[in-house]
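Student: Quick one: sequence plus predicted model below, questions after.
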Amino acid sequence: MSFLIAAPDMVAAAATDLASIGSTINTANAAASALTTSVAAAAADEVSTAVAHVFDTYAQEYQTFGAHMAAFHDQFVQTLKTGALAYTGAEAANASPLQELLNAVNAPTQALLGRPLIGNGTDGAPGTGADGGAGGLLWGNGGNGGSGAAGQTGGDGGVAGLIGTGGNGGAGGIGAAGGMGGAAGLFGGGGVGGVGGAGAAGGSGGTGGLLLGDGGAGGMGGVGMAGVNGGVAGQGGSGGHAVLLGNGGAGGQGGTGMAGTDGTNPTPTGTAGTGASGSPFSGDGHAGSGHTGDSGAPGENGGTGGTGGEATGAGGIGGTGGNGGAAGSGGANGGDGGVGGAATDTFGFDNNQGGNGGNGANGSGPGGAGGAGGDGGASTAGGAATGGKGGHGGNGAASDLSGGNGGAAGAGGNGGNAGLLVGNGGAGGTGGVGGSGGTGAAGGAGGAGGDGGTATGNFDPTGTAAQGQEGGDGGSGADSTGIGGNGGNGGVGGNGGNGGRLLGLGGAGGDAGNGGVGGTGGAGGAGGAGGHGGNATSGQLSQGGNGGNGGGGGNGADGGDGGAAGLSGGNGGQGGLIGVSGVDGAAGIGGRGGAGGAGGALGAGGAGGIAEGLIHFDGDAGLNGVAGTAGNAGQHG
């Protein structure tokens, strides 16, 4: 028992599992007892009675044996639990004295050299860029470096003792390199280099042990970022070297290139004021027209046109709605047309007519949408009635805002050299992938046409029909000429490290990175829907209005070109006296060209107005617009 090693937690867990198994078996035995200890005889003869007695006897003996086994099982489980508690208590009792002994051993070297004799180094605090502490002189791993704040290099990993592994380098802050991996002592591997911050290189791997140990791997290069290093990604860190016996560390992968920004149309800052309403009129004549909406200031949407004046009395005509206000410069939307004025006379037999809706204004470039047409005014008369025409939607404005180009990727780090005598060279790092291009901005959408005004008549002596008017036509969607951004170029691969002079293979060169994907071209603006034809109701003759025609969609822009692959893979490292050189890295693959922008959706024609009356004719539906054409795909890299 002097060489026995116990794990109290595992012993306690085993006792719990055994107790569960015993409980399950006891439950099964109890369930079987009633069925096996009282077997009924198959018949009233002596043979049947004797057979049943034999089964009963065996069952009772089994239950007696089972009871003895259950007692033994419970005793065994209790012994395990007692042992686990004893080991746990012994560990707790010895922990403090052993720690005090270790502190006493480490105190002299800690005071003289600032590092313990036995034990691991402390880690640098995150966000400080502090270096990791050194490991114990005799045994101990180096502490890990702390990550850096923005613009601050990551902390270097601490050096190891005679036996131990170097600490890992900390990650660099934005625009700063990762920390270097710590070196090993006599036996042990070097630490891994820290990841580079955005646009910065990864840290180099630490050196392997003086006698035996591998070099640490280099850290990955930071991703590309706007405003940092021109958007170019960071290079991967170099792998650490071995000293006498050991393999070189692998080079870090190059960082991924920055993604291009999407072309984005401006966001309007507000809406100009609504035009004044037209003046009302009573009698046989015209009500006043609504005023045009206010023009927008730069970046401001045009105002809505004023509502046409209301006409009351026989023969009245509602005022025309005001047109939408002009869009302010810089990608604002056109104002909506005003609603036509209503015409009302329920007693006379003269024809009343609702006012026409105002037209929507065109959007301004880049990418402003057209305003919607105003609805035609309703007409109600004791005789014939005619609704107002719906206003036409405004046209969208084209956009020429292209997507940004993707950034170039970082190169792969070089692999570390093997030990002087024996070992394989580290593999070169893979080049990073180029950033993808941004998407172009879309063309502005056309405004919807206004609905035709409804007509509600009764009886007209001349046989004139109640006439719902046609809906307004939808505005045209605009083209986009904002092409997708080009993909960034892939990074070159790192060179492989050399093998040991006596025995060893050269490290393989890193593969070149792939080019970034080209961005998608901007989509064409959607055509505006045609307005609904006005409904008509009359006691004798009615005619629904025709629906407005839908607007055509705009054409999409071309996609961006894919980025070029990395110029070349890395060179393979030189082999030793006994060994071969590493293979060269493969070339990357050019990025895929971006898809062309989708053509704008067609505007649907408006539905025809519904007529009700003794004799009635529904209006015809408007024609659908023509969808835009998609842009061409970009060239592959």
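Tutor: Yep, that arrived.

Student: measure Ala633 to Gly404 for me?
Tutor: When Cβ to Cβ, to the nearest Å is the yardstick, Ala633 and Gly404 sit 19 Å from each other. C-beta: built from backbone N, CA, C; applies to glycine.

Student: Give me the more crowded residue out of the two.
Tutor: Neighbour comparison, Ala633 and Gly404: the larger count goes to Gly404, with 24 against 20 (by other Cβ atoms under 10 Å).

Student: Which parts of the stretch 1-150 of the chain are helices?
Tutor: Under the criterion DSSP state H, counting those that start in this stretch, the stretch 1-150 of the chain carries helices at the ranges 8-36, 46-113.

Student: Quick one: name whatever helix or strand follows the last one.
Tutor: It refers to helix 46-113. Using DSSP states H and E, the helix or strand that follows helix 46-113 in sequence is strand 281-282.

Student: Okay, now the unreliable bits of the stretch 401-550 of the chain?
Tutor: Across the stretch 401-550 of the chain, the ranges flagged by pLDDT under 70 are 460, 463.

Student: what do you get for the stretch 51-200 of the chain?
Tutor: The low-confidence ranges in the stretch 51-200 of the chain, as defined by pLDDT under 70, are 51-56, 58-59, 61-63, 66, 77, 80-81, 83-84, 86-102, 104-106, 109.

Student: cutoff 80 now
Tutor: Scanning the stretch 51-200 of the chain with the threshold set as pLDDT under 80 gives 51-74, 76-115, 117.

Student: Ala409 contacts Ser436, correct?
Tutor: No: distance between Ala409 and Ser436: 11.2 Å, which falls outside the contact criterion (Cβ atoms under 8 Å).

Student: got any residues that touch both of those two?
Tutor: Contact with both Ala409 and Ser436 is made by residues Gly488, Gly516, according to Cβ atoms under 8 Å, 6 or more residues apart in numbering.

Student: The two: which is more packed in?
Tutor: The neighbour count for Ala409 versus Ser436, taken as other Cβ under 10 Å, is higher for Ala409 (38 against 32).

Student: Can you give me the separation between that one and Gly490?
Tutor: For Ala409, the distance to Gly490 (Cβ to Cβ) stands at 5 Å.

Student: Find residues that contact each of those two.
Tutor: Listed as contacting both Ala409 and Gly490 by Cβ under 8 Å, 6+ apart are Gly431, Gly432, Val433, Gly434, Gly513, Gly516, Gly566.

Student: How many residues are close by the last one?
Tutor: This points to Gly566. Per other Cβ under 10 Å, the neighbour tally for Gly566 reads 34.

Student: Give the full set of residues in contact with the residue nearest to it when sequence neighbours are not counted.
Tutor: Sequence neighbours aside, Ala512 is the residue nearest to Gly566 in space, at 2.8 Å (criterion: Cβ to Cβ, 6 or more residues apart in numbering). Taking Cβ under 8 Å, 6+ apart as the criterion, Ala512 is in contact with 430-431, 490-493, 565-569, 585-588.

Student: Which of these sits closest to Gly129?
Tutor: Within the set of those, Gly491 lies nearest Gly129; the separation is 26.0 Å, counting by Cβ to Cβ.

Student: Settle this for me: that closest one is touching Gly254, isn't it.
Tutor: Yes: Gly491 is within contact range of Gly254, at 3.8 Å (criterion: Cβ under 8 Å).

Student: Name the residues contacting each of those two.
Tutor: Both Gly491 and Gly254 are in contact with Ala233, Gln235, Ala409, Gly410, Ala411, Gly412, Gly431, Gly432, Gly513, where contact means Cβ under 8 Å, 6+ apart.

Student: In CSV: these, plus secondary structure and distance to Gly599.
Tutor: CSV is the format used below for the shared contacts of Gly491 and Gly254 (DSSP: H, G, I helix; E, B strand; the rest coil; distance: Cβ to Cβ, whole Å):
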residue, secondary structure, distance to Gly599
Ala233, coil, 35
Gln235, coil, 42
Ala409, coil, 33
Gly410, coil, 38
Ala411, coil, 41
Gly412, coil, 42
Gly431, coil, 37
Gly432, coil, 35
Gly513, coil, 34
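
Student: Can you add distance to Val243 and give these back as a markdown table?
Tutor: What follows is the shared contacts of Gly491 and Gly254, written out as a markdown table (distance: Cβ to Cβ, whole Å):
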| residue | distance to Val243 |
| --- | --- |
| Ala233 | 32 |
| Gln235 | 25 |
| Ala409 | 32 |
| Gly410 | 28 |
| Ala411 | 26 |
| Gly412 | 24 |
| Gly431 | 29 |
| Gly432 | 30 |
| Gly513 | 31 |
